[in-house]
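Trainee: Whatever this is, show me its structure:
(chains A and B)
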Protein chains: 2
Amino acid sequence: MSNELIKPQTLKGFRDYLPEAMLAREHLMEIARRIYRSYGFSPIDTPALEYAEILLGKGGDESDKQLFRFTDQGDRDVAMRFDLTIPFARFAAQNIGALGTPFKRYHIGTVWRAEKPQKGRYREFMQCDFDSIGTEANASDIETLMVIYDLMEALGFSAFTIRVNHRQLLNGLLDKLGLLEKSTGVLRALDKLPKIGRRMVIDEMTQSVGISAESAEQVLNFAGLSGTPDQILDEVEKLIAGNERGMEGVAKLRELFSVCRQSGLNEQRLALDVSIARGLDYYTGTIYETFLTELPGIGSVCSGGRYDNLAGLFTKEKLPGVGASLGLDRLLAAMEELGLVQNTGIGGQVMIAMFDETRLGDYMRLSRQLRRSGISTEVYPLARKVQKQLQYANRKRFRAAVIAGSQEFERGVWTVKDLESGTQTEVTDAELPAFLHRILSH
Amino acid sequence: MSNELIKPQTLKGFRDYLPEAMLAREHLMEIARRIYRSYGFSPIDTPALEYAEILLGKGGDESDKQLFRFTDQGDRDVAMRFDLTIPFARFAAQNIGALGTPFKRYHIGTVWRAEKPQKGRYREFMQCDFDSIGTEANASDIETLMVIYDLMEALGFSAFTIRVNHRQLLNGLLDKLGLLEKSTGVLRALDKLPKIGRRMVIDEMTQSVGISAESAEQVLNFAGLSGTPDQILDEVEKLIAGNERGMEGVAKLRELFSVCRQSGLNEQRLALDVSIARGLDYYTGTIYETFLTELPGIGSVCSGGRYDNLAGLFTKEKLPGVGASLGLDRLLAAMEELGLVQNTGIGGQVMIAMFDETRLGDYMRLSRQLRRSGISTEVYPLARKVQKQLQYANRKRFRAAVIAGSQEFERGVWTVKDLESGTQTEVTDAELPAFLHRILSH
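Mentor: Okay, the predicted model is just below:
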């Protein structure tokens, strides 16, 4: 064997998670799981590898999806999943008979995309989706919004807005204007409004999409409606009066905002934004986006909506649904920026310093006693200089160190060093757990 | 687009996790995380894809490792990780300078092997490892055993044995017999003892390995030592007296069992088994295996040990360590068989039935009130027949249903149906959370 070392490196676009980043990620996922479960969503998982045919769908443009795709040992054309939606569609087509509807699932999983890596964009990242399928009930749409609301609160965000829209509103207007068949082009142009401005959107609508200047004006006036949800819906009603599908959307949104009010959600955190035009090729009813007031530039941290049919590629059973996806990386970046990441250290809470290796049994017995009382505790493994041991404790951000040498053992006490204040106190065995709990609660 | 459906199917050797299986898996991982953290281990993650060169190591035999290996879009030779040990070695070589030692990490992650699928063997599965690196202290070995012990207890197992051995014991004997250079062959033969019996092991040692019949007898007598750890160690001492490395191993095991006794571990659950010869090419000190008394056939559910140098392929820095790996799939199978899987249902705890869709605001308000009091609650999304709704509640194993139609709303009460006993009780709004908590605690 040669003595040459293999260079330790990760692939371009991939990264290691060190303890600090990983603890923040685990914290976020724990909260997401708790909220999802509190609403009766249950977890599923699907394989990282699927038949490429399944992930590509029909007429799938591979370059769009930037698959990691290869031929396996059994000569199968396989690929790594690039999102959790298509695997869920495949999963539902196979299992919905046994599971029954409505079916509510969450799925937290890694996905891979062979995209060009950029700042903050990786080839491997996690998604965190939840969906209710098999029902068209507006109750499920409202519940979806409530899950997002509770998630944001549980993560510690106080200033956020969930913007809601309903695809049938603008479609109602376009229908009235006789432009329903041009809706994709119109919506695509409208989606650029924040970036390119009113003037250029009108140009695109008239020149590329081919609608009249008058119609374009009407669409932009519609998209510019502002006020409380009820005020906007009153205006929308006037504009689309007589259009049944549009009025149905209005009624659903009225119910949504009314139920949220009754249920005690803070109305300041909800908004009706009739200009949202994203998810054009996918969402067919409610649409949600979530923005952080303090970090608007970060974009939506949780988006979703209603769709007509989840698994049409795989089954004839029609599966309507509604759901949303948490942007884990964006949320983590935001939580860090806003100081919401729990900073409890990357180790335990209490370190027991090692002075006398022949006393290992005493140190270990104490560590077990503290763990039983709910304190995560680490025994430093060897009798190095106390300065070295305290450096280690500080690096891992332990909150306190318990110290005992021959003097302490003789007198039957422990010395507790508060690693924030630096104060030292002698405490007896029996008092120790309560004493440490007091330090930890500060 | 053609109307032909794509057949929904998973790849051979891969599987979906449905809610019930996934909840059990999440439960197990939550407990593992809690125990690891209580000892000051912190989480890391590494990419699913690595340079193939890194995973194969030097002179790596690809067929041994059965990699999913391919060439990516950037013409790199890449592969999916087949364990968490080699990625940890690569990770440590890159990051240990910044992290410092001792470094204690856990890693719960998916790995992939292109093996022939068999019953209970998949091409995708999870591993759950923890390790302390950068120290040779026996305290870390003892801590590793304690983590395994606490994990088994926390998972609900009461009858288990952690079998301990130390590589230096048998090596000490072989050294005394002048057979140290044949140790790999001897250990490999010894490893077959439970399967092929004493006679054939001796044959293999004398014929294939090439040691004398007398030496083979001595090795087998050594491996057959039984009794309490202290009794066995007394016998071992006699056999290897004068061999320094061997006596060092004896001293370390004496300390291990003594510290465990002092720390209050149940000695019935610990055993010294000098016949364990697994991990030949890897472990150099302590070796651990964990067996379930009620399910011996399932094999070891948690194995590990000490190694001299984790990352020699990637760095000149010597990183000794000790750790173990939880066999998630085996544990889940065992927990299911022994009835230890939490059977709290795959949905929430309480379902609010929907009688009157115009009352959605009331139902939703109540659901939020219950969730705030810690009860996971689901509102059935539409006013179907009550029988249908209760079927759904039973399928998801809700514990209670809250029912309210016009009568109840008029009188300001809720009807609570205990879905186990079938009894119905009328409860006021204010009393409801406490009443439901009482049902849930039964």
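
Trainee: Does A:M351 touch A:N394 like I think?
Mentor: No - at 9.7 Å, A:M351 does not count as touching A:N394 under the criterion of CB atoms under 8 Å. To be clear about C-beta, it is placed using only N, CA and C from the backbone, and glycine gets the same treatment.

Trainee: More neighbours: which of these two?
Mentor: Higher neighbour count among A:M351 and A:N394: A:M351, with 27 against 13, using other CB atoms under 10 Å in any protein chain shown.

Trainee: Surely the more buried one is within a strand?
Mentor: Yes - according to DSSP: H, G, I helix; E, B strand; the rest coil, A:M351 belongs to a strand.

Trainee: Tell me what it is bridged to.
Mentor: A:M351 has the following beta-bridge partners by DSSP bridges: A:E378, A:A401.

Trainee: who touches it in this structure?
Mentor: For A:M351, the contacting residues are A:377-380, A:389, A:392-393, A:396, A:398, A:400-402, B:40, by CB atoms under 8 Å, 6 or more residues apart in numbering or on different chains.

Trainee: what bridges to A:P43?
Mentor: Bridge pairing for A:P43 - DSSP bridges - gives A:Y106.

Trainee: can you pull the pLDDT of it?
Mentor: Per-residue confidence (pLDDT) for A:P43: 97.

Trainee: I figured it was touching B:P19, is that so?
Mentor: Yes - A:P43 lies in contact with B:P19 (CB under 8 Å); the separation is 6.4 Å.

Trainee: Now list whatever residues contact both of these two.
Mentor: Residues touching both A:P43 and B:P19 (CB under 8 Å, 6+ apart): A:R105.

Trainee: ok, A:V186 - contacts?
Mentor: For A:V186, the contacting residues are A:170, A:174, A:179, A:205, A:209, A:211, A:219, by CB under 8 Å, 6+ apart.

Trainee: Which SSE is immediately downstream of the host helix or strand of it?
Mentor: Using DSSP states H and E, A:V186 maps to helix A:183-191. Next along the chain after helix A:183-191, taking DSSP H and E as the criterion, comes helix A:193-204.

Trainee: got a list of contacts for that following helix?
Mentor: Helix A:193-204 has contacts (CB under 8 Å, 6+ apart) with A:189-190, A:192, A:213, A:216-217, A:220, A:223, A:275.

Trainee: who's the residue most central in space within chain A bridged to?
Mentor: For chain A, A:L326 is the residue whose C-alpha lies nearest the centre (CA atoms, centre = their mean; 2.4 Å). With DSSP bridges applied, A:L326 shows beta-bridge pairing to A:C128, A:C302.

Trainee: Now for it: which residues touch it?
Mentor: Residues in contact with A:L326 (CB under 8 Å, 6+ apart) are A:32, A:127-129, A:151, A:301-302.

Trainee: and if you look at A:F130?
Mentor: A:F130 neighbours (CB under 8 Å, 6+ apart): A:36, A:41, A:104-107, A:144, A:147, A:323-324.

Trainee: Turn those residues into a markdown table, columns for neighbour count.
Mentor: Listed next are these as a markdown table, based on neighbours: other CB atoms under 10 Å in any protein chain shown:
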| residue | neighbour count |
| --- | --- |
| A:Y36 | 25 |
| A:F41 | 28 |
| A:K104 | 29 |
| A:R105 | 25 |
| A:Y106 | 24 |
| A:H107 | 24 |
| A:T144 | 24 |
| A:V147 | 25 |
| A:G323 | 26 |
| A:A324 | 24 |
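
Trainee: Restricted to helices, list those.
Mentor: A:36, A:144, A:147 (DSSP state H).

Trainee: Hmm, A:H107 and the first one touching each other?
Mentor: No - between A:Y36 and A:H107 there is no contact under CB under 8 Å: 9.7 Å.

Trainee: Mutual contacts of those two, please.
Mentor: Common neighbours of A:Y36 and A:H107 (CB under 8 Å, 6+ apart) are A:43, A:130.

Trainee: Can you tell me which helix or strand of chain A has the lowest average pLDDT?
Mentor: Ranking every helix and strand in chain A by mean pLDDT, DSSP states H and E puts helix A:62-65 at the bottom, with a mean of 61.

Trainee: related to what we said a few turns ago, export the contacts of A:L326 to CSV and tack on pLDDT?
Mentor: Converted to CSV, the contacts of A:L326 look like this (pLDDT from 0 to 100):
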residue, pLDDT
A:A32, 97
A:Q127, 96
A:C128, 97
A:D129, 98
A:L151, 97
A:V301, 96
A:C302, 96
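
Trainee: neighbour-wise, which of those leads?
Mentor: Top of the contacts of A:L326 by neighbour number is A:V301, holding 26 neighbours under the definition other CB under 10 Å.

Trainee: Please name the residues that touch that one.
Mentor: Residues near A:V301 by CB under 8 Å, 6+ apart: A:152, A:160, A:290-292, A:326-327, A:330-331, A:334.

Trainee: okay if I get the residues you listed as TSV plus pLDDT?
Mentor: Shown next, in TSV, are these (pLDDT from 0 to 100):
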residue	pLDDT
A:M152	97
A:F160	98
A:T290	97
A:F291	97
A:L292	97
A:L326	95
A:G327	89
A:R330	91
A:L331	94
A:A334	93
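
Trainee: Tell me the one among those residues nearest to A:H27.
Mentor: A:L331 (10.8 Å; CB to CB).

Trainee: ok, now which ones touch the closest one?
Mentor: By CB under 8 Å, 6+ apart, the contact set of A:L331 is A:28, A:155, A:301-302.

Trainee: how does it look with 6 Å?
Mentor: Taking CB atoms under 6 Å, 6 or more residues apart in numbering or on different chains, we find A:L331 in contact with A:V301.

Trainee: element containing it, please.
Mentor: Per DSSP H and E: A:L331 is located in helix A:328-337.

Trainee: May I see the buried residues of the helix or strand A:R33 falls within?
Mentor: Here A:R33 sits within helix A:19-38, counting by DSSP H and E. Counting neighbours by 16 or more other CB atoms under 10 Å in any protein chain shown, one finds that the buried residues in helix A:19-38 are A:19-28, A:31-33, A:35-38.

Trainee: and chain B, which of those residues reach it?
Mentor: A:19, A:22, A:26, A:37-38 (CB under 6 Å from any CB of the partner chain).

Trainee: Redo these as JSON lines? Include pLDDT.
Mentor: Shown next, in JSON lines, are these (pLDDT from 0 to 100):
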{"residue": "A:P19", "pLDDT": "94"}
{"residue": "A:M22", "pLDDT": "94"}
{"residue": "A:E26", "pLDDT": "94"}
{"residue": "A:R37", "pLDDT": "95"}
{"residue": "A:S38", "pLDDT": "96"}
